[in-house]
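Colleague: Sequence and predicted structure below; questions after.
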Amino acid sequence: MGATAIFSLLADAITSVENFVDVFVSVYSLVILLYIISSWLRLPYSPWLNRIQRFLYDVSEPYLRIFRRLLPSMGPLDLSPLIGLIVLVILDRVVNGILNQFN
């Protein structure tokens, strides 16, 4: 295996990691936004809807709880999802910037 093949494999691995990070951040941001919207809506009880809301809560709440502990309480206004989304976007850009240096 020549050096060109090794660099090609490394470039493919870096591209795969970049794509994974991009997709993960996009999907997790969508989950957080769906969690926010579902928390605003009061829909009639449905087992399926309850399962979906519970899934969104279980997936997004541990991440958002980090920011709720750090941010001061502002009454009924919860800024933790906004800060969480901003941190996700910044993290995505930092990881992609680091990986682009190797590519």
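Modeller: In hand now; what should we look at?
Colleague: Over to Met74: give its phi and psi.
Modeller: Taking degrees, to the nearest 10, you get phi -120, psi 40 for the backbone angles of Met74.
Colleague: do you know how far it is from Ile83?
Modeller: Distance of Met74 to Ile83, given as C-beta to C-beta, to the nearest Å: 12 Å. From N, CA and C alone the C-beta is placed, and that goes for glycine too.
Colleague: next one: Ile90
Modeller: 10 Å.
Colleague: which one of the two has more residues nearby?
Modeller: Ile83 (16 against 10; other C-beta atoms under 10 Å).
Colleague: Which element, helix or strand, includes the more buried one?
Modeller: Following DSSP states H and E, one finds Ile83 within helix 80-102.
Colleague: what's the answer for Tyr45, then?
Modeller: Counting by DSSP H and E, there is no helix or strand that carries Tyr45.
Colleague: what about it, how many residues close to it?
Modeller: For Tyr45, the tally of surrounding residues (other C-beta under 10 Å) stands at 6.
Colleague: Give me the residues contacting stretch 50-65.
Modeller: 28, 31-32, 34-35, 38, 80-81, 84 (C-beta atoms under 8 Å, 6 or more residues apart in numbering).
Colleague: can you tell me which residue is nearest the centre of the chain?
Modeller: Tyr28 (3.3 Å; C-alpha atoms, centre = their mean).
Colleague: Give me the nearest residue to that residue, chain neighbours excluded.
Modeller: Distances taken as C-beta to C-beta, 6 or more residues apart in numbering place Leu88 nearest to Tyr28, at 6.4 Å, with adjacent residues excluded.
Colleague: any idea how far Leu64 is from the one you found?
Modeller: Distance, Leu88 to Leu64, using C-beta to C-beta: 11 Å.
Colleague: again with Gly75
Modeller: Separation of Gly75 from Leu64 (C-beta to C-beta): 17 Å.
Colleague: Cheers, nothing more for now.
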